[in-house]
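Visitor: this one's structure only:
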Ligand SMILES: Cc1cc2nc3c(=O)[nH]c(=O)nc-3n(C[C@H](O)[C@H](O)[C@H](O)COP(=O)(O)OP(=O)(O)OC[C@H]3O[C@@H](n4cnc5c(N)ncnc54)[C@H](O)[C@@H]3O)c2cc1C
């Protein structure tokens, strides 16, 4: 099958979703132009926690996450890189009875839905795998084969490979309007107009604004989850650790530093591209980390940051065709879209080429938010 369109497809956004889509389209011989108002991986895709997990996903998202993991398991060959994915295991530990109950209900729910990838490990097994865990741990829910990656490295690698295959990236270039012109779309930017048959909206937290330019009203809110990185410690952890019923994300990098997050948000200013850290939020998840790993109570925090991310009302991404022909959306990943990136890129490329997608995207349909322009405030 040849290209879907003779004019280059325009992808808005050079985060992981835009870069992965550009990669898959370029691999199939489809010309693409990617525009970004900043630079490759400048926002969520370059600054996230790098968690590559199927663990804890909404059931509707598991098939997409499993499809993404197929790509992660071959990411080095796919993108010509080394150590792209640290394949380990991901565990959410139960620190109390409430956590253990939650774990047992979660596993039952998954089994009922036909998924077996999350398993319970008891206290002794867990302490054997992670000796530095608090001795009061009760057990945990574990997924073997989940792990982590360096976000900027992966996003950049999708970009580099897409460029090597012929994709064109234009940065910094801001899309200011999108208008129908007969059968085509005119994408107006601060660096001129691009005419195209197909626009792919991978604009992250700004995706709602881009959607609105095409006539689609898709509710999305911007928030700024925060992370910290610590000084270097002797290597003691070969897994990613979270907490049942909590939002900790804890990993140790190859250089010994630990990246710690915990769902706490700073302030996102999408108009000015800025984030603001809220120290109380940082200390709450750093304290949870100290509870899980008591030997780290005195570790030094070197740096804290936040990234701007788009959240939908149901925390599931928006992936699918827009209201008008030639508009395709892929945004709103609600703080768990990095792992999904390769499968989303593949799915968006399939939609561009009008192919059957590998994963059923019904749960992510933009049309599930049937709002009219007057029902929603400008986001
Ligand atoms: C702190 C933090 C931790 C996270 N941790 C994890 C994790 O451990 N695991 C996980 O799976 N996910 C995680 N996530 C979520 C993940 O980072 C995102 O879901 C994912 O990166 C979204 O990718 P994207 O390409 O949709 O968006 P982005 O990376 O935000 O890219 C969108 C791009 O669109 C561009 N753009 C916007 N408007 C315009 C315009 N008008 N013209 C041109 N360009 C435009 C922007 O400049 C931006 O570069 C985390 C997110 C954050 C912030």
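Guide: The structure has been received and is ready for your questions. Everything quoted here is computed from the prediction, not taken from an experiment.
Visitor: which element is the closest residue to residue 246 other than its chain neighbours on?
Guide: Sequence neighbours aside, residue 288 is the residue nearest to residue 246 in space, at 6.1 Å (criterion: C-beta to C-beta, 6 or more residues apart in numbering). (C-beta placed from N, C-alpha, C; glycine too.) Per DSSP states H and E, residue 288 falls inside helix 279-292.
Visitor: whichever residue of the stretch 51-200 of the chain sits closest to the ligand and residue 187: what is the separation?
Guide: Going by C-beta to the nearest ligand atom, the ligand is nearest to residue 51 of the stretch 51-200 of the chain, at 2.8 Å. Residue 51 is 33 Å from residue 187, where distance means C-beta to C-beta, to the nearest Å.
Visitor: interface residues of this protein facing the ligand?
Guide: Taking C-beta under 6 Å from any ligand atom as the test, the list of the chain residues beside the ligand reads 12-18, 35-38, 42-45, 48-51, 174-175, 202-206, 210, 225, 227, 249, 261, 307, 309, 331, 333, 335-339.
Visitor: which among those count as buried?
Guide: Among the residues of the chain next to the ligand, those that count as buried by neighbour count (16 or more other C-beta atoms under 10 Å) are 12-18, 35-38, 42-45, 48-51, 175, 202-206, 210, 225, 227, 249, 261, 307, 309, 331, 333, 335-339.
Visitor: sorry, back to before: show me the residues of the chain next to the ligand that map onto helices.
Guide: Using DSSP state H, 16, 17, 18, 44, 45, 210 are the members of the residues of the chain next to the ligand that sit in helices.
Visitor: could you dump those residues into a markdown table and include distance to residue 254 and pLDDT?
Guide: Formatted as a markdown table, these follow (distance: C-beta to C-beta, whole Å; pLDDT from 0 to 100):
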| residue | distance to residue 254 | pLDDT |
| --- | --- | --- |
| 16 | 21 | 98 |
| 17 | 26 | 98 |
| 18 | 28 | 98 |
| 44 | 23 | 97 |
| 45 | 21 | 98 |
| 210 | 37 | 98 |
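Visitor: dump those to CSV, plus distance to residue 293.
Guide: Shown next, in CSV, are these (distance: C-beta to C-beta, whole Å):
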residue, distance to residue 293
16, 29
17, 33
18, 36
44, 27
45, 28
210, 42
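Visitor: which among these gets closest to residue 106?
Guide: Closest approach to residue 106 among these (C-beta to C-beta): residue 44, at 26.1 Å.
Visitor: in this structure the closest one contacts residue 336, no?
Guide: No. Between residue 44 and residue 336 there is no contact, the gap being 10.5 Å when judged by C-beta atoms under 8 Å.
Visitor: can you pull the contacts of the residue nearest the centre of the chain?
Guide: The centre of the chain sits closest to residue 337, judged by C-alpha atoms, centre = their mean, with a distance of 1.7 Å. Taking C-beta atoms under 8 Å, 6 or more residues apart in numbering, we find residue 337 in contact with 16, 17, 44, 309, 317, 344.
Visitor: got CSV for these, with distance to residue 59 too?
Guide: Shown next, in CSV, are the contacts of residue 337 (distance: C-beta to C-beta, whole Å):
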residue, distance to residue 59
16, 23
17, 22
44, 24
309, 22
317, 15
344, 18
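Visitor: closest one of the residues you listed to residue 193?
Guide: For these, the nearest to residue 193 is residue 17 (23.7 Å; C-beta to C-beta).
Visitor: sec struct for the nearest residue to residue 131 once chain neighbours are set aside, please.
Guide: Excluding its sequence neighbours, the residue lying closest to residue 131 (C-beta to C-beta, 6+ apart) is residue 236, at 7.8 Å. With DSSP: H, G, I helix; E, B strand; the rest coil as the basis, residue 236 sits in coil.
Visitor: ok, residue 236 - contacts?
Guide: Counting by C-beta under 8 Å, 6+ apart, residue 236 touches 131, 132, 252, 295.
Visitor: tell me which two of the contacts of residue 337 sit farthest apart.
Guide: Farthest apart among the contacts of residue 337 by C-beta to C-beta are 309 and 344. That separation is 14.5 Å.
Visitor: flag every buried residue along the top helix by length along the chain.
Guide: Ranked by residue count, the top helix of the chain under DSSP H comes out as helix 97-112. Buried residues in helix 97-112, defined by neighbour count with 16+ other C-beta under 10 Å: 99, 100, 102, 103, 106, 107, 110.
Visitor: partner strands of the following helix or strand past that helix and their direction?
Guide: As assigned by DSSP H and E, the chain's next helix or strand after helix 97-112 is strand 119-122. According to DSSP bridges, strand 119-122 forms sheet pairs with strand 139-148 (antiparallel).
Visitor: residues making contact with the partner strand?
Guide: Residues outside strand 139-148 that contact it (C-beta under 8 Å, 6+ apart) are 49-56, 69, 73, 85-94, 100, 103, 106-107, 117-123, 125-126, 239-240, 244, 251.
Visitor: give me the longest strand you can find in the protein.
Guide: strand 258-269 (DSSP state E).
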